[in-house]
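> Sequence and computational prediction follow.
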Amino acid sequence: MAEEFYGKNLSPEDFSNPPRKFSKDEQKEIITYLYYIQNNKIGSNSDDQNYQYLQNKYPDFQLQNQSYKQMFYYECMRYKDEIGQDTIDQL
């Protein structure tokens, strides 16, 4: 999972303080759009404007990969004090 998310293998020592992939503002933006995608009841996510926006702005973000999204959630939770409770509630 770490290789998919970070694009490289992490050593055991890295897991005590993993690198940050997305900035605070990027995390907030991605969470907001993921929230919109989740709450739009469109049959195919690829038909959703929010989905298309994320794909265009963050082409490496693997929207269909649950492991990748779990790593993203984990990273966001590590910085929850920075991104605010409203955003965490959307997460």
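Nice, I can see it.

> Pick out the residue nearest the middle of the chain.
F72 (4.0 Å; CA atoms, centre = their mean).

> can you tell me the average pLDDT over the strand or helix carrying it?
Assessed by DSSP states H and E, F72 sits inside helix 66-78. Taken as a whole, helix 66-78 has a mean pLDDT of 92.

> Show me what it is in contact with.
By CB atoms under 8 Å, 6 or more residues apart in numbering, the residues outside helix 66-78 that reach it are 1-2, 4-5, 18, 20-22, 27, 30-31, 34, 61-63, 83, 87-88, 91. C-beta here means a position set from N, CA and C on the backbone, and glycine is covered the same way.

> filter the residues you listed to the buried ones?
2, 5, 22, 27, 30-31, 34, 61, 63, 83, 87, 91 (16 or more other CB atoms under 10 Å).

> okay, now Y51: neighbour count?
20 (other CB atoms under 10 Å).

> Residue numbering should commence at 872 henceforth.
With 872 as the first residue, the last one maps to Y922.

> That one is in what secondary structure piece?
With DSSP H and E as the criterion, the answer for Y922 is helix 920-928.

> mind checking which helix or strand of the protein has the lowest mean pLDDT?
helix 873-877 (a mean of 79; mean pLDDT, DSSP states H and E).

> Any chance you could give me it in CSV, C-alpha atoms only?
C-alpha atoms of helix 873-877 as CSV (Å, rounded to 0.1, in the frame of the first residue of the first chain):
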residue,chain,number,x,y,z
ALA,A,873,2.8,2.4,0.8
GLU,A,874,4.4,1.9,-2.5
GLU,A,875,1.1,2.7,-4.3
PHE,A,876,0.5,5.8,-2.3
TYR,A,877,4.0,7.2,-2.0
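
> So which other helices or strands are in contact with it?
helix 937-949 (3 or more CB pairs under 8 Å, 6 or more residues apart in numbering; DSSP states H and E).

> after the helix it packs on comes which helix or strand?
Assigned by DSSP H and E, the successor of helix 937-949 is helix 951-954.
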